[in-house]
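S.K.: could you look at this predicted model? Sequence included:
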Amino acid sequence: MAFRALRYLQSGFPIHLRGPAGTGKTTLALHLAHCLNRPVMLLFGDDEFKSSDLIGSESGYTHKKLLDNYIHNVVKMEDEFRQNWVDSRLTLACREGFTLVYDEFNRSRPEVNNVLLSALEEKILSLPPSSNQPEYLNVNPQFRVIFTSNPEEYCGVHSTQDALMDRLVTINMPEPDEVTQREILIQKTNIDRESAHLIVHLVKTFRLATGAEKTSGLRSCLMIAKVCADNDILATPKNSDFREIAMDILFNRTHLSLAECTSIFLEVLKECAAQQVESITIEDSSHLSEPTDNDVPFEKEVYNYLVQQRSEGITGLQKGLNLDRNIVLNALRSLEQKSLVNKINRLYTIQELNHS
Ligand SMILES: Nc1ncnc2c1ncn2[C@@H]1O[C@H](COP(=O)(O)OP(=O)(O)OP(=O)(O)O)[C@@H](O)[C@H]1O
């Protein structure tokens, strides 16, 4: 999709990325703008916009006074007031050939956006009559525009005008699938794969069950994953810290009561837990006592280290074993799932030792 979009832009056409909230439209728009290697101007659509916000306006005065007394009995005086013209972002981008990213352009009123029609087609930007500048500007051939819009938005949005849409190549951006969302989470927050899997699945199922599809699932996932990763919180259905974070982030995105949200959330969590147990049983039913060599990388080392130390935190394990944080987290998570390790107040202990 990105490749196609870039191709249109390189051929001189403006593009329009259209999709629901949080599907990555702005992220892709900025990435494409970056690929064009020209300075980028970012503009956010706004219902309050006037034409002058797009094109520019007169602002303040320049006062010039010239006194010529070169010949002692002749005094020549020139007094001039001039209004100063200030370019807006669109005018500057047209003049200099920058890339304009016009985010949520359908929040601006259609008659305001009309100024773009001639800039995109005839490559002429009309400017209001002014004492010190021409009435139009020839658009720089390197000028490009990337529009984004969310057709499902309900507040302050105007129907997109046909004349403008006719000049754009529109690319629909659906919500990324679960695998893509998982990869984004891992890349952006450094969370381990299994936690990312659980978060994405939990958020998706909860949104479907509560009818909160209009909110961004990916944004909620990213928030939960970042808080968990930053605070060493393992994302498991049994972990109360994780449950609280997920509830804080998900509940206010629905119109349901707290009681309804809680009941749906617990159901969804139960289903996620059952899925996890199932996948562990299917993947390897030999994980009953100690870890074996075929386990998650360094699981055995982490287990043996905990046997020696009796209890240790994530940072201690990282340092003691000289391992990457994600590797330690993955190993601990796997050990917890097999009930070989317990977490108490951020410290991990071998399960048997707790009972002794
Ligand atoms: N391909 C991606 N790689 C990394 N992060 C991404 C990607 N796509 C989306 N994101 C992240 O997801 C979040 C939402 O993305 P973004 O703001 O681009 O969506 P949007 O469609 O413009 O949303 P809205 O319509 O609500 O403005 C951001 O935090 C962004 O960094």
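M.R.: Right, received. Where do you want to start? Fair warning: this is a prediction, and the values are worked out from it, not measured in the lab.

S.K.: so what's the gap between the strand or helix carrying Leu6 and the chain middle?
M.R.: Using DSSP states H and E, Leu6 sits in helix 2-10. The chain centroid and the centroid of helix 2-10 are separated by 21 Å, computed with Cα atoms, centre = their mean, to the nearest Å.

S.K.: for the record, mean pLDDT for the following helix or strand past it?
M.R.: With elements assigned by DSSP H and E, the helix or strand that comes after helix 2-10 is strand 15-18. Across strand 15-18, the average pLDDT comes to 94.

S.K.: immediately after strand 15-18, which helix or strand?
M.R.: helix 25-35.

S.K.: sorry, back to before: now the helix holding Leu6: buried residues?
M.R.: The neighbour-count check on helix 2-10 (16 or more other Cβ atoms under 10 Å) flags Ala5, Tyr8, Leu9 as buried. C-beta: built from backbone N, CA, C; applies to glycine.

S.K.: reformat these as a markdown table; add distance to the ligand.
M.R.: Below are those laid out as a markdown table (distance: Cβ to the nearest ligand atom, whole Å):
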| residue | distance to the ligand |
| --- | --- |
| Ala5 | 13 |
| Tyr8 | 19 |
| Leu9 | 17 |
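
S.K.: kindly indicate which of the residues you listed lies nearest Ser334.
M.R.: Ala5 (40.4 Å; Cβ to Cβ).

S.K.: quick one: contacts for the closest residue to the closest one other than its chain neighbours?
M.R.: Nearest non-adjacent residue to Ala5, counting by Cβ to Cβ, 6 or more residues apart in numbering: Ile15, 5.2 Å away. When contacts are counted by Cβ atoms under 8 Å, 6 or more residues apart in numbering, Ile15 touches Ala5, Tyr8, Leu9, Leu32, Val145, Ile146, Phe147, Leu168, Val169, Thr170, Ile171.

S.K.: what does this protein put close to the ligand?
M.R.: Residues of the chain lying close to the ligand (Cβ under 6 Å from any ligand atom) are 19, 21-27, 148, 150, 184, 188, 216, 218-219, 222.

S.K.: mind showing which ranges of the stretch 101-250 of the chain have poor pLDDT?
M.R.: Applying pLDDT under 70 to the stretch 101-250 of the chain flags the ranges 130-133, 153-160.

S.K.: any chance you could map the strands in the stretch 1-150 of the chain?
M.R.: 15-18, 40-44, 56-68, 76-87, 99-103, 124-126, 136-138, 144-149 (DSSP state E, counting those that start in this stretch).
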